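S.K.: next come a sequence and a model predicted from it.
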Amino acid sequence: MSARLFQFHGGIKANGHKRESSESPIQQAPLPRRLVVPLRQSTRATARCIVEPGEKVLKGQRIGEPEGFLGTAVHAPTSGTVVEFGRHVMAHPSGLETRCVVIEPDGADRWIERKPFDLRHATRADALGWLRDCGIVGLGGATFPSHVKLGTGSGVDTLILNGAECEPWITCDDRLMRERAADILAGAGILRELIGARRLMVGIEDNKPEAIEAMRPAAGALGGNIEVIAIPAIYPAGGEKQLIRVLTGIEIPYGKLGGDFGVQCFNVGTAHAVYRAFDHGEPLVSRVLTLTGNVERPGNWEVLIGTPVDELLPLAGPKPDTDRYVMGGPMMGFALPRLDVPVVKGSNCVISASPALFPPAPPEQNCIRCGECARACPAELQPFELYWFSRAKNFGKAQEYHLFDCIECGCCAYVCPSHIPLVDYYRFAKSEIWAREREKTAADLARERFEFRNYRQEREKEEKAAKLAAKAAATRAKLDAEGAGAEPAPAGEDPKKALIAAALARAKAQQAATAPKNTDNLSPATQAEIDAIEARRQATQQAPAGADATPGTDAR
Amino acid sequence: MIHSPYIRRNASVQRVMFLVLLALVPGIAAYAWQFGAAILVQLALATITALAAEALVMRLRKRPLQPTLGDLSAVVTAWLVVLSFPPLAPWWLTVFAVLVAILVAKHLYGGLGQNPFNPAMIAFCTMIVAYPSLMSQWPMPGADGFAAQLALILGGARELDGVTGATALDALRSGMRAGGAADAVLQQGTEFGVAGGRGWEWIALGYLAGGLFLLATRVITWHMPVLFIAALLAISGVFWIADPATHASPLFHLASGGSMLAAFFILTDPVSGATTPRGKLLFAIGVALIAWLIRSFGAYPDGIAFGVLLMNMCVPLIDMKTQPTVFGHRGGSR
């Protein structure tokens, strides 16, 4: 193709291990005994449950209502009965639990009524809403909501389809491109229309010639300015920022989305899901997942979201020396904390790992500052400097050296001759920094609240005093007006005394009117006790009030 | 808990150090050919001393002997000490120097990867200050038989003028101080060969071959050797063109003393050197400049060791000021 390719710095060439599973076509995985559908689909977005245990649901029926800016809807992956709404361990290295809807399939796999979305007679906002309601998120792994991504940036000129699939072992996108090229590109066409992009580029690593061959004619059929481009197979070419760099030369800095730079990038699986959502009215309830590694029958399976991993494993037949299971690729994936965790929208691969396949890391040695990591880093960082700073808990310096630009791709740890688990040091530093920021925010909030409370107390005290003064003045005026009347005040007497006298008279009258209380006939001893308690209470109440009053003046 | 990545390249510190030792072999072979097998005795002595010193430190620190002893870094240090020393230095000088390198320059700072200074150069500078005369006794190629060399190493009496000569660099300087023109001095003296010191050109070629091997195996990057050689050629070239009568030619500087050893094996020590690409360039230029100044105007036979140590001191500053631009941060304003 004519396009000039750019390079990104560093990267690694690892053994791809693609052949193990790349030749097995996508097969439909059998219905599991039960489905555990998490309402939390990514770290930041969760949905509100709208079904009750015992309720019958149809395939594609909404069971979770999107909440918040990043929320997307959650759907029943098959027809059946909701049997539980509770907490289950999620597919995450933390092993933490999240709220899940457990569905027992009825075996019929009956869909709700599916209606294609008419893009031509809809506004852009409606279309984005449809994506949210269909639960479309990025299927490359990050599960970022597609409607949010599409909503960013304006004047986006280029749409990029990410078919790089740079992590070793994973072949789900490869198979999808080989088998469903037309559908993927139809989805890409919809995305292109929603963005208003002129150009569409499909980036595929050159280790997938069959996928490239399948995508090219499909691209020709779709028409418009489309290029299917073979890019060098250098990990992490499939990282969104790296792929954008390779295809367009544009560098997206940390914290920015492609939309801000006139580029949008979507995974091929996402484009496929978009096509199913718009042309078939199907929400996202399944995805393609590669089962590979130390197994008898590596392959690619169409798997319902919520399928527990341990129900999938027999499809591939793990060999006896398997010691753990890695979700995702070997470079950025994680060992599953438990095997009953459900497949989520970002799960692209489960690798059965053995000591022979992924040998345990040799003992960590001292860093010799050889700089291999810096030569491998696609973010062009100095990983060994970040390592020293993270290790010394010098987090300020680590941030100054752009710790947060690290994409945790693992290239540095892959090449390190001292076998230092570098990425773990960065993860540690990042989470420490986040924790400290949270603490600081909490402390700031608490301080603000405290200061406001003092200010409020002070203000109320003043208001009360002002009210009393006004009242006293009013009474005095009234008395003065009555002065010539029945009870003339002695000449030269303080008006305050007159006030007190009047109040006393009123109180006497009131007391006479009310019945005597049980406190009226107390023995002197009890009365003394009550007085002592009252005195103590008064003292304790006054002391903190006095202490609070001083900082309160600062609040204003 | 073990986290990703789960795969690693087959790389290790041991492999890096082994490749460095392998790359030194051509230079050592040329050395033995030109100056006799005494150098091999020195290498063996230094290797044993270095390993013993490492073992001692590991014992004192109650650490396991492996992988420290097996990583070969102490052997590299020992060999570099020997190759920068006069080949017929008495045995105790070699042992003393290696102990200084391993115990003081390396382990007092915390061991492998922690030393701010190049251990071999610390050893060289310590000994040249402490024993200037012993450190200045460089033999003529093929002057002594192996037995005589061994006797000298084992502490035989030294007839200074008889067994040892000044280095080419020394001879050039003293010749020029005495009023002779560089050309004339170079042509008269038996110390000089075709390009540099007699015999030393071959050793320099051996180091060059080893250095190219290290470049090919990506153990070192091009920055340090290229810039060091270029800077040395440029500085000496400018003065040579301006006044060929009082300055040695660039080729002479390159083939003499430890220039080639330094370019490929000493400067490129990753632990004590600069690490950023631009920092490496600055570091190499700095060493070349200081080395040329000391060679031309100083009192020591060669200035590379001092140049390396002085630039080692500047490494934190150099690295800090030459941080490469991070992905997505080009163009400042973004």
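M.R.: Alright, I've got the coordinates. Numbers count the residues shown, from 1 in each chain, chains lettered A, B, ... in the order given.

S.K.: same for the longest helix anywhere in chain A, what does it pack against?
M.R.: As far as residue count goes, and with DSSP state H defining each element, the longest helix of chain A is helix A:422-482. Counting contacts by 3 or more C-beta pairs under 8 Å, 6 or more residues apart in numbering or on different chains; DSSP states H and E, helix A:422-482 packs against helix A:383-391, helix A:395-400, helix A:411-415, helix A:495-513, helix A:524-555. Backbone N, C-alpha and C define where each C-beta goes, glycine included.

S.K.: disregarding flanking residues, what is the spatial nearest neighbour of the residue of chain B found nearest chain A?
M.R.: Across chain B, no residue is closer to chain A than B:G328, which sits at 3.1 Å (C-beta to the nearest C-beta). In space, not counting the residues next to it along the chain, B:G328 is nearest to A:P253; the distance is 3.1 Å by C-beta to C-beta, 6 or more residues apart in numbering or on different chains.

S.K.: domain parsing for the chain?
M.R.: Just so you know, I chose chain A. Domain ranges of chain A: A:19-349, A:366-483+A:494-506+A:547-556, per automatic domain parsing.

S.K.: switch to chain B, please.
M.R.: Recorded structural domains for chain B (assignment: automatic domain parsing) are B:12-165, B:168-321.

S.K.: JSON lines please, covering the ones you listed and showing mean neighbour count and mean pLDDT.
M.R.: JSON lines is the format used below for those (neighbours: other C-beta atoms under 10 Å in any protein chain shown; pLDDT from 0 to 100):
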{"stretch": "domain B:12-165", "mean neighbour count": "19", "mean pLDDT": "89"}
{"stretch": "domain B:168-321", "mean neighbour count": "20", "mean pLDDT": "84"}
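
S.K.: redo those as TSV? Include distance to A:R438.
M.R.: Conversion of these to TSV gives the following (distance: least, C-beta to C-beta, whole Å):
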stretch	distance to A:R438
domain B:12-165	34
domain B:168-321	30
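
S.K.: turn those domains into CSV, including distance to chain A.
M.R.: Supplementary listing: the domains of chain B in CSV, determined by distance: least, C-beta to the nearest C-beta, whole Å:
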stretch, distance to chain A
domain B:12-165, 4
domain B:168-321, 4
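
S.K.: quick one, which of those domains is nearest to A:I226?
M.R.: When those are compared for distance to A:I226 using C-beta to C-beta, the nearest one is domain B:168-321, at 38.6 Å.

S.K.: roughly how far out does that closest one sit from the chain middle?
M.R.: For domain B:168-321, the distance between its averaged C-alpha position and the chain's averaged C-alpha position is 10 Å (C-alpha atoms, centre = their mean, to the nearest Å).

S.K.: likewise stretch A:382-400?
M.R.: On C-alpha atoms, centre = their mean, the centre of stretch A:382-400 falls 26 Å from the chain's centre.

S.K.: next: stretch B:100-110.
M.R.: Between the centre of stretch B:100-110 and the centre of its chain there are 17 Å (C-alpha atoms, centre = their mean).

S.K.: ok and the residue in chain A nearest chain B?
M.R.: Taking C-beta to the nearest C-beta, chain A has A:P253 as its residue nearest chain B, at 3.1 Å.

S.K.: might one say that that residue is in contact with A:I407?
M.R.: No - proximity of A:P253 to A:I407 does not meet the contact threshold set by C-beta atoms under 8 Å, at 11.8 Å.

S.K.: higher neighbour count, those two?
M.R.: In this view A:P253 and A:I407 are compared by other C-beta atoms under 10 Å in any protein chain shown, and A:I407 has more residues nearby, 21 against 18.

S.K.: wait, the more buried one touches A:G238, no?
M.R.: No - under the contact definition of C-beta under 8 Å, A:I407 does not touch A:G238, with a separation of 11.4 Å.

S.K.: what sits up against stretch B:280-290?
M.R.: Outside of stretch B:280-290, the residues within contact range by C-beta atoms under 8 Å, 6 or more residues apart in numbering or on different chains are B:221, B:223-229, B:231-232, B:235, B:262, B:267, B:273-274, B:303-304, B:306-308, B:310-311, B:314-315, B:318, B:322.

S.K.: give me that answer again for 6 Å
M.R.: B:223-224, B:227-228, B:231-232, B:267, B:273-274, B:303, B:307-308, B:310-311, B:318 (C-beta atoms under 6 Å, 6 or more residues apart in numbering or on different chains).

S.K.: wait, which of these is closest to B:M140?
M.R.: Minimum separation from B:M140 among these (C-beta to C-beta) is found for B:G303, which lies at 22.6 Å.

S.K.: could you find the closest non-adjacent residue to the closest one?
M.R.: With C-beta to C-beta, 6+ apart as the measure, B:I294 is the residue that lies nearest to B:G303, at 2.4 Å, once sequence neighbours are left out.

S.K.: what about the one you found, which SS state?
M.R.: helix (DSSP: H, G, I helix; E, B strand; the rest coil).

S.K.: what do you get for the one 5 residues further on?
M.R.: Reduced to three states with three-state DSSP, the structure at B:A299 is coil.

S.K.: would you list the phi and psi of it?
M.R.: phi -100, psi -10 (degrees, to the nearest 10).

S.K.: look up how far B:I266 lies from it.
M.R.: For B:A299, the distance to B:I266 equals 21 Å [C-beta to C-beta, to the nearest Å].

S.K.: ok, now B:V75?
M.R.: In this structure, B:V75 lies at 15 Å from B:I266, with C-beta to C-beta as the measure.

S.K.: A:S352 too?
M.R.: Counting by C-beta to C-beta - A:S352 and B:I266 are separated by 49 Å.

S.K.: for the domains of chain A, give me JSON lines that also has mean pLDDT.
M.R.: As requested, these are exported to JSON lines (pLDDT from 0 to 100):
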{"stretch": "domain A:19-349", "mean pLDDT": "92"}
{"stretch": "domain A:366-483+A:494-506+A:547-556", "mean pLDDT": "88"}
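
S.K.: pick the most deeply packed of those domains.
M.R.: Among the domains of chain A, ranked by average contacts under mean count of other C-beta atoms under 10 Å in any protein chain shown, first place goes to domain A:19-349 (a mean of 20).
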